[in-house]
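Asks: fold the following and give me the result.
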Amino acid sequence: MLGENEIREELPQSEAGWKDLLTAEQFRVTRKKGTEPAFRNEYWDNKKDGVYRCVCCGETLFDSKTKYDSGTGWPSFYQPVGDKAVKTEEDYKMAVPRTEVVCGRCDAHLGHVFDDGPRPTGRRYCMNSASLQFVQRPDQSAQSE
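Replies: Numbers count the residues shown, from 1 in each chain. Alright, predicted model coming up:
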């Protein structure tokens, strides 16, 4: 597991390297484009303040301020932290084409984006918890006392 402020400088170049770095579930989701079960994943109901980073490389992807309850059972956000945090690709694995979301740095599969989200973007970035690492923000009220 990456440390709180760590970004992996060197990324594995082989499938074996990723398998050594990730859990079996993280590997299945991020490197093999898997999906975890709805309502039975780590962050679907997380309401803590912080950021969500790529479990593979440590890149910051989403802020909890943009997370919302979509009712789908997966962590959902209405926007990534920046234009280069994530990339999208067409996914034709289902009968209806979808838009896959991958990490902008290491191409890890994160989930899919849909056009049925809330304002201000109207987007729903429906992510897999197994592809994310949550880093909680320090409690500012405790530091100001």
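Asks: looking at the chain, which helix or strand is least sure?
Replies: Within the chain, no helix or strand scores below helix 140-143, which has a mean of 55 by mean pLDDT, DSSP states H and E.
Asks: where does the prediction get shaky in this protein?
Replies: Applying pLDDT under 70 to the chain picks out residues 1, 3-5, 94, 140-145.
Asks: let's see it at 50
Replies: 144-145 (pLDDT under 50).
Asks: neighbours of residue 28, just the number please.
Replies: Neighbours of residue 28 under the rule other C-beta atoms under 10 Å: 17. Placement of C-beta: from N, CA and C, glycine included.
Asks: ok, residue 40 next?
Replies: The number of residues near residue 40, taken as other C-beta under 10 Å, comes to 9.
Asks: what's the distance between the residue lying closest to it once chain neighbours are set aside and residue 44?
Replies: Using C-beta to C-beta, 6 or more residues apart in numbering and skipping residues adjacent in sequence, the residue nearest residue 40 is residue 73, 7.7 Å away. With distances taken as C-beta to C-beta, to the nearest Å, residue 73 is found 5 Å from residue 44.
Asks: these two: which is more packed in?
Replies: residue 44 (20 against 16).
Asks: just to revisit the earlier point, OK, contacts around the residue nearest to residue 40?
Replies: 37, 38, 39, 40, 41, 44 (C-beta atoms under 8 Å, 6 or more residues apart in numbering).
Asks: please enumerate the strands of this structure.
Replies: 50-54, 60-63, 67-68, 76-77, 86-91, 98-103, 109-114, 124-127, 132-136 (DSSP state E).
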